[in-house]
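Novice: Here you go, sequence then predicted model.
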Amino acid sequence: MKKVGEHAGGGVIDLDDTDQAIIALLRQDGRMAYRAIARALDIAENTVRGRVRRMEESNTLRLVAVTDIEAAGYGMLLAIGVQVEGRAPEKVAEDMAAIQEVFSVNVVVGTQDIEILVVARDQADLTELITDKLGRVDGVRRLTPAMALDVLKNQPDWVPFHHAT
Amino acid sequence: MRRELDQCDLAIVERLSRDARVSNREIAEQLGVTEGTVRSRVKRMEHEKQIRLTAVTNIDRFHDAALAYIWIEVERSDQTRDVAGRLAGINELGFVGVMLGRADILVITMVRNAEHLARFVHKRISVIDGVRGTQSTLGVNFIKHDYRMARIVG
């Protein structure tokens, strides 16, 4: 069992095996009927309903639609390392997180100060993103991009909820 | 390249991206279309793997989780696809991409700490035939990940 910690904006809850089993089913189908979940796990429908509500209200779980980046019109995906100069990496990271095409932002330690993942519709869109948006963020010294030729998988189970609207 | 979503699809997805369990009837009322239209479009988008209705969980609720970027170099370039295919089968990896520049393959996973990362790379990545070397970066602050953007596979 994973230990759940205290965090601003929600109560503290521990996820037990029943919670984890419910999450596993909802990952397969976010619209699965609570009655079907109850039957699959051999528990009461009200238990399922209550567990889901508790996890949603504590900001632990969300049931959402995720869209394939190609279907959304984004043909290109890049992983870009960012070196920062004269400004706190967290500040630069926050500015980058505000850009819509930047879908993942991590402050890291090592050669790079920040790692971001971005999408672009085409080459013109990408040029604008890199030179006019990312390159002009205050504190950016150097961008080191790598383009994805083929994305075989892009769906982490665990993500931060802040910045998600 | 899969088919792009049209305006009506996008309006439905926008509503579902905030709450996947909102009823088709409610979406239909808000958009001024029939419930049947919403139902068939949702079914089609799911079937064609343009969208997925799923559960996402909040990493901030966990003490011991950090994001690790693992850059992988293969022995010979013609092994890249095979190695990437093997990596895509590892459940713990949230991202697997064949890259142009920086390295041959990038994978991203969630680890508890540096020791866990080292063990994971040693036991699960380095053992794959064709992997020449890896370079890992541990995240210290996971600022953003737009979970609504994904690569939907079979």
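Specialist: Good, I have the coordinates.

Novice: Can you list the residue ranges for strands in chain A?
Specialist: Assigned by DSSP state E, chain A shows strands spanning A:61-68, A:76-84, A:102-108, A:114-120, A:140-154, A:158-159.

Novice: how about these, which one is nearest residue B:100?
Specialist: strand A:140-154 (4.6 Å; C-beta to C-beta). For the C-beta atoms, the positions are set from N, CA and C on the backbone; glycine is no exception.

Novice: who does that closest one touch, helix- and strand-wise?
Specialist: strand A:76-84, helix B:80-88, strand B:93-100 (3 or more C-beta pairs under 8 Å, 6 or more residues apart in numbering or on different chains; DSSP states H and E).

Novice: and if we set it to 10 Å?
Specialist: Applying 3 or more C-beta pairs under 10 Å, 6 or more residues apart in numbering or on different chains; DSSP states H and E, we find strand A:140-154 packed against strand A:61-68, strand A:76-84, helix A:89-97, strand A:114-120, helix B:80-88, strand B:93-100, strand B:105-111, strand B:149-150.

Novice: in that strand, what's buried?
Specialist: For strand A:140-154, the neighbour count (16 or more other C-beta atoms under 10 Å in any protein chain shown) marks A:140, A:143, A:145, A:146, A:147, A:148, A:149, A:151, A:152, A:153, A:154 as buried.

Novice: Outline the domain layout of chain B.
Specialist: Domain assignment of chain B by automatic domain parsing yields the ranges B:7-47, B:59-138.

Novice: Just name the most buried of these.
Specialist: Counting by mean count of other C-beta atoms under 10 Å in any protein chain shown, domain B:59-138 has the highest mean neighbour count of the domains of chain B, with a mean of 18.

Novice: how far is that one from where the chain is centred?
Specialist: Domain B:59-138 has its C-alpha centroid displaced from the chain centroid by 14 Å (C-alpha atoms, centre = their mean, to the nearest Å).

Novice: ok, now stretch A:87-105?
Specialist: Relative to the chain's own centre, stretch A:87-105 is displaced by 13 Å; criterion: C-alpha atoms, centre = their mean.

Novice: got the CA coordinates for it in CSV?
Specialist: Coordinates of each C-alpha in stretch A:87-105 appear next as CSV, following Å, rounded to 0.1, in the frame of the first residue of the first chain:
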residue,chain,number,x,y,z
ARG,A,87,17.2,33.3,-12.3
ALA,A,88,15.8,30.5,-10.1
PRO,A,89,14.9,27.5,-12.2
GLU,A,90,11.5,27.2,-10.4
LYS,A,91,10.6,30.7,-11.7
VAL,A,92,11.6,29.9,-15.3
ALA,A,93,9.7,26.6,-15.0
GLU,A,94,6.6,28.3,-13.8
ASP,A,95,6.7,30.7,-16.8
MET,A,96,7.2,27.8,-19.2
ALA,A,97,4.3,25.9,-17.6
ALA,A,98,2.0,28.8,-18.5
ILE,A,99,2.6,28.1,-22.2
GLN,A,100,-0.1,25.8,-23.6
GLU,A,101,2.1,23.7,-25.9
VAL,A,102,4.4,22.9,-23.0
PHE,A,103,2.6,19.9,-21.5
SER,A,104,5.2,18.7,-19.0
VAL,A,105,7.7,20.7,-16.9
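
Novice: Just want the residue of chain B that's nearest chain A.
Specialist: Closest residue of chain B to chain A, C-beta to the nearest C-beta: residue B:94 (2.8 Å).

Novice: wait, isn't that residue in contact with residue B:142?
Specialist: No. At 11.5 Å, residue B:94 does not count as touching residue B:142 under the criterion of C-beta atoms under 10 Å.

Novice: okay, now residue B:144: neighbour count?
Specialist: 22 (other C-beta atoms under 10 Å in any protein chain shown).
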